[in-house]
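Enquirer: heads up, no residue letters with this:
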């Protein structure tokens, strides 16, 4: 069984249209100077997402599991 944990990922900057199109399946919220991504991910999915964010030049501010 695939275990998925709920995560909140905050990134520096705005999650603009280009990034939203690349990560269309994610729930995202844009705030002043930061954007937040929330969802349930397996450990492998989380690693893939973080790799994709890094490849896109996105700066990770905070990662919270819970």
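Expert: It's in. Bear in mind the structure is a predicted one, so any value in this text is a computation, not a measurement.

Enquirer: Stretch 12-24 - what's its average pLDDT?
Expert: Taken as a whole, stretch 12-24 has a mean pLDDT of 75.

Enquirer: Mind listing what's buried along that stretch?
Expert: Neighbour-count burial for stretch 12-24, counted by 16 or more other Cβ atoms under 10 Å, picks out 15, 19, 23. For glycine as for every other residue, the C-beta is placed from the backbone atoms N, C-alpha and C.

Enquirer: Equivalent analysis for stretch 33-51, please.
Expert: For stretch 33-51, a neighbour-count test (16+ other Cβ under 10 Å) marks 34-37, 39, 41, 46, 49-50 as buried.

Enquirer: Could you work out the end-to-end span of that stretch for me?
Expert: End-to-end distance for stretch 33-51, by Cα to Cα, to the nearest Å: 21 Å.

Enquirer: can you give me the strands in this protein?
Expert: Counting by DSSP state E, the chain has strands at residues 5-12, 27-31, 34-41, 60-65.

Enquirer: and those strands as a markdown table, adding distance to residue 54?
Expert: Shown next, in a markdown table, are the strands of the chain (distance: least, Cβ to Cβ, whole Å):
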| stretch | distance to residue 54 |
| --- | --- |
| strand 5-12 | 10 |
| strand 27-31 | 17 |
| strand 34-41 | 14 |
| strand 60-65 | 8 |
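
Enquirer: Closest one to residue 29 out of the buried residues of stretch 12-24, please.
Expert: residue 15 (8.2 Å; Cβ to Cβ).

Enquirer: contacting residues for that closest one?
Expert: 23, 28, 30, 35, 37 (Cβ atoms under 8 Å, 6 or more residues apart in numbering).

Enquirer: For this protein, give me the ranges with low pLDDT.
Expert: 1-2 (pLDDT under 70).

Enquirer: Skipping adjacent residues, who's closest to the residue nearest in space to the middle of it in space?
Expert: By Cα atoms, centre = their mean, the chain has its centre lying nearest to residue 37, at 4.3 Å. Among residues not flanking residue 37 along the chain, residue 9 sits closest, at 4.4 Å (Cβ to Cβ, 6 or more residues apart in numbering).
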